[in-house]
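Colleague: Build me a model from this:
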Amino acid sequence: MQALKYITEVDANGHISLPEIPLLKSNRVEIIILPYQEDEEDLLRAAQSSTAFWNNKDDDEAWNDV
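Modeller: Numbers count the residues shown, from 1 in each chain. Below is the predicted model of the structure:
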């Protein structure tokens, strides 16, 4: 599944415009409207980052006897 994110302005009439969405025709999509807050952009990046640093065999062994 491909996720797309667009940040756009709401005009004075409460309308938004999106660019052409590059999906196959006749697909159903779900659109979630959230107020944009710049500080949440860092949280989004953190949530999408790798968790590979948690996979540390030496540290795993240290916690086995706790």
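Colleague: Can you tell me the SS state at residue 47?
Modeller: What DSSP: H, G, I helix; E, B strand; the rest coil gives for residue 47 is helix.
Colleague: As a check, name the ranges of all strands in the protein.
Modeller: Taking DSSP state E as the test, none of the chain falls into strands.
Colleague: got any ranges where it has weak pLDDT?
Modeller: Across the chain, the ranges flagged by pLDDT under 70 are 1, 39-45, 48-66.
Colleague: Do a quick rundown of the helices in it.
Modeller: For the chain, the helices defined by DSSP state H cover 38-48, 57-63.
Colleague: Need the contact partners of stretch 25-44.
Modeller: Here stretch 25-44 makes contact (Cβ atoms under 8 Å, 6 or more residues apart in numbering) with 7, 21, 23. All C-beta atoms are positioned from the backbone trio N, CA, C, and that covers glycine.
Colleague: Residue 5 is in contact with the second one, correct?
Modeller: The one in question is residue 21. No: judged on Cβ atoms under 8 Å, residue 21 makes no contact with residue 5 at a distance of 11.6 Å.
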